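*Asks:* Okay, sequence plus prediction incoming.
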Amino acid sequence: MLKPFLILIVSVISCLKISASDNYPVGARPIALSNAFVSITDLWSTFHNQATLASFETFSAGIFYESKFLIDELTLAAGSVVLPIETGTFGISFYQFGEGAFKEHKVALAFSKKLSPRLNAGIQLDYFSQRFPENESSIGFATFEFGLSYKTTEQLTLGAHFFNPVNNGFQLPEGKQKMPAVFRFGGHYQFSDLVLISSEVHKNSDFPWVVKTGLEFAPAPNLFLRFGISGRPVAYTAGLGYSFGKITTDFAFSYHGNLGLSPAVSIRYNLQ
């Protein structure tokens, strides 16, 4: 039974044109906005741009789950914790991709700080590990990522982020499997408390530039509707979120033309 599943996983990865190892985006809100999220302050900024964590004023924590293309062996589970202190903001995050004999893990520690009333900077240390059925033990490597965010006006914020600039990766018997370096730059415009538009360009060292855009609006108090589009290849996303007290629940759906739908959900707790 294991072999057909492994063949399926390899086929899906080949169809997606991604490496066997990747730094997966996390968070239902970011996914619904097509991951055009490099300038937005959110609990899931630990996976997008650590610099924006400096704008947090209170403790926040959350969990996330995504079923990629509704395939059990391609699930992604994650968690994030943000803790502001007097000198800056710490972030702790992790994820697990895959189930059964094949798993990938990431654990990370971030720190961000306000350099001025408008400029934030952040850095994160990452450790990736991977386990395949043919290996007796897991393998891993360490790398880092860093970012900046700049609030140009009350409405417009810009962000830039660089992941794995040293191009590190897993050391395999057949040689090093490098994880791609990724550069992201973009911004978001907050028209009011009701409407936000975000956009960014995303460059993976293995693939061409990709443009991503997202729209979020609030048709009712505490209710948010989100839509996103990115390409090429063109991908569509959508989702919604609802806040009740200190708890926010977000849902997202992304669609791949060949592989189908990927639903995701995340739950956040904010101390205030």
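*Replies:* Thanks, I have it.

*Asks:* Quick one: the helices in the stretch 1-150 of the chain, in order.
*Replies:* 2-16, 28-32 (DSSP state H, counting those that start in this stretch).

*Asks:* Which secondary structure elements does the last one sit against?
*Replies:* In other words, helix 28-32. strand 60-67, strand 209-220, strand 223-231, strand 235-244, strand 247-256, strand 260-270 (3 or more C-beta pairs under 8 Å, 6 or more residues apart in numbering; DSSP states H and E). Every residue, glycine included, has its C-beta placed from N, CA and C.

*Asks:* Mind checking those for the one nearest to E86?
*Replies:* Checking the helices and strands packed on helix 28-32 against E86 by C-beta to C-beta gives strand 60-67 as the closest, at 17.2 Å.

*Asks:* Quick one: mean pLDDT over that closest one.
*Replies:* The average pLDDT within strand 60-67 is 98.

*Asks:* Now do the buried residues in it.
*Replies:* Residues of strand 60-67 classed as buried by neighbour count (16 or more other C-beta atoms under 10 Å): S60, A61, G62, F64, E66.

*Asks:* I figured the third one was touching D250, is that so?
*Replies:* Same thing as G62. No. Counting by C-beta atoms under 8 Å, G62 does not reach D250; the two are 9.1 Å apart.

*Asks:* Identify the contacts common to these two.
*Replies:* S266, I267, R268 (C-beta atoms under 8 Å, 6 or more residues apart in numbering).

*Asks:* Need the residues that contact stretch 146-162.
*Replies:* Here stretch 146-162 has contacts from 38-41, 48-52, 54-55, 117-124, 145, 181-191, 200, using C-beta under 8 Å, 6+ apart.

*Asks:* can you put the helices and strands packed on helix 28-32 in CSV and add distance to T89?
*Replies:* Output for the helices and strands packed on helix 28-32, formatted as CSV (distance: least, C-beta to C-beta, whole Å):
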stretch, distance to T89
strand 60-67, 10
strand 209-220, 23
strand 223-231, 24
strand 235-244, 21
strand 247-256, 19
strand 260-270, 14
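
*Asks:* Nearest to P173, out of these?
*Replies:* Across the helices and strands packed on helix 28-32, P173 has its closest neighbour in strand 60-67 (31.2 Å, C-beta to C-beta).

*Asks:* Mind giving me the packing neighbours of the closest one?
*Replies:* Short answer (3+ C-beta pairs under 8 Å, 6+ apart): strand 60-67 packs on helix 28-32, strand 75-85, strand 260-270.

*Asks:* Could you pull up the residues touching F144?
*Replies:* Counting by C-beta under 8 Å, 6+ apart, the residues that F144 touches are I123, Q124, L125, D126, N164, P165, V166.

*Asks:* make it 7 Å
*Replies:* I123, Q124, L125, D126 (C-beta atoms under 7 Å, 6 or more residues apart in numbering).

*Asks:* Which of the residues you listed sits closest to K212?
*Replies:* Among the contacts of F144, and counting by C-beta to C-beta, the member closest to K212 is Q124, at 20.8 Å.

*Asks:* sorry, back to before: just name the most buried of the helices and strands packed on strand 60-67.
*Replies:* Sort those by mean neighbour count, taking mean count of other C-beta atoms under 10 Å, and helix 28-32 sits at the top with a mean of 29.

*Asks:* Output that helix in PDB, but only the C-alpha positions, please.
*Replies:* C-alpha atoms of helix 28-32 as PDB (Å, rounded to 0.1, in the frame of the first residue of the first chain):
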ATOM      1  CA  ALA A  28      -5.500  30.500   6.200                       C
ATOM      2  CA  ARG A  29      -5.600  34.300   5.900                       C
ATOM      3  CA  PRO A  30      -2.400  34.500   3.900                       C
ATOM      4  CA  ILE A  31      -3.500  31.700   1.700                       C
ATOM      5  CA  ALA A  32      -6.800  33.300   1.000                       C
END
